[in-house]
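K.L.:
A structural model of the following input is requested.
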Amino acid sequence: MGTSNTDRIRSGYTAFNTGDVDGLIDLFADDVVWHFPGTSKLAGEHIGRDATLAALGAYGAASEGTLQANLVDLMASDDNVTGWANDTATAGGRSLDINSVVIFTLRDGKVTEARQFVDDQAALDAFLA
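P.N.:
Prediction:
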């Protein structure tokens with residue numbers, strides 16, 4: 001039996017939290033589109049695997065390596081997995097503690113689209129300022 005989409009996303013959270021770039025490369029389709037919320041320099045659509053990895057890397061870099069997407073739960077249907085995480089970080093005298101929900105669409109075990117939502121957009125934008 002193959003790996004389920006839920007298992008793939010769970011592994012993706014682990015890869016993100018441990019800086020496993022190869023794991024993320026394996027997770028994302030070449031043409032993935034990541035929709036990052038808000039008005040910060042990271043907000044908007046990141047089209048393609050390289051752009052998506054750059055945006056996620058910049059999110060981690062803004063936290064000076066302290067960012068953790070602490071997985072709370074995963075919910076799945078056939079082609080979609082929704083991940084709910086508590087994102088925490090501290091950097092430069094600032095802290096972040098928000099709930100983040102990402103709706104992942106998968107095709108053939110690869111993420112083709114990710115739509116991210118947060119419960120405190122102002123806090124995320126301020127942290128990334």
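K.L.:
Show the low-confidence segments of this structure, by residue range.
P.N.:
1-2 (pLDDT under 70).
K.L.:
which residues of it fall in strands?
P.N.:
28-36, 44-47, 68-76, 80-91, 94-107, 110-118 (DSSP state E).
K.L.:
Tabulate those strands (JSON lines), appending mean neighbour count and distance to A55.
P.N.:
Using the backbone N, CA and C atoms, a C-beta is placed for each residue, glycine as well. Putting the strands of the chain into JSON lines (neighbours: other C-beta atoms under 10 Å; distance: least, C-beta to C-beta, whole Å) gives the following:
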{"stretch": "strand 28-36", "mean neighbour count": "18", "distance to A55": "6"}
{"stretch": "strand 44-47", "mean neighbour count": "15", "distance to A55": "4"}
{"stretch": "strand 68-76", "mean neighbour count": "15", "distance to A55": "14"}
{"stretch": "strand 80-91", "mean neighbour count": "18", "distance to A55": "14"}
{"stretch": "strand 94-107", "mean neighbour count": "18", "distance to A55": "13"}
{"stretch": "strand 110-118", "mean neighbour count": "18", "distance to A55": "10"}
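K.L.:
possible to save those as CSV with distance to L128?
P.N.:
Shown next, in CSV, are the strands of the chain (distance: least, C-beta to C-beta, whole Å):
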stretch, distance to L128
strand 28-36, 10
strand 44-47, 12
strand 68-76, 15
strand 80-91, 10
strand 94-107, 9
strand 110-118, 11
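K.L.:
Quick one, which of these gets closest to T14.
P.N.:
strand 68-76 (8.5 Å; C-beta to C-beta).
K.L.:
Alpha carbons only: can I get the closest one in CSV?
P.N.:
Provided in CSV are the C-alpha atoms of strand 68-76 (Å, rounded to 0.1, in the frame of the first residue of the first chain):
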residue,chain,number,x,y,z
GLN,A,68,8.1,25.8,14.4
ALA,A,69,4.8,24.8,12.8
ASN,A,70,3.5,22.6,15.6
LEU,A,71,1.0,20.3,14.0
VAL,A,72,-2.3,20.2,15.9
ASP,A,73,-4.4,18.1,13.4
LEU,A,74,-4.8,16.9,9.9
MET,A,75,-8.1,16.5,8.1
ALA,A,76,-8.4,14.9,4.7
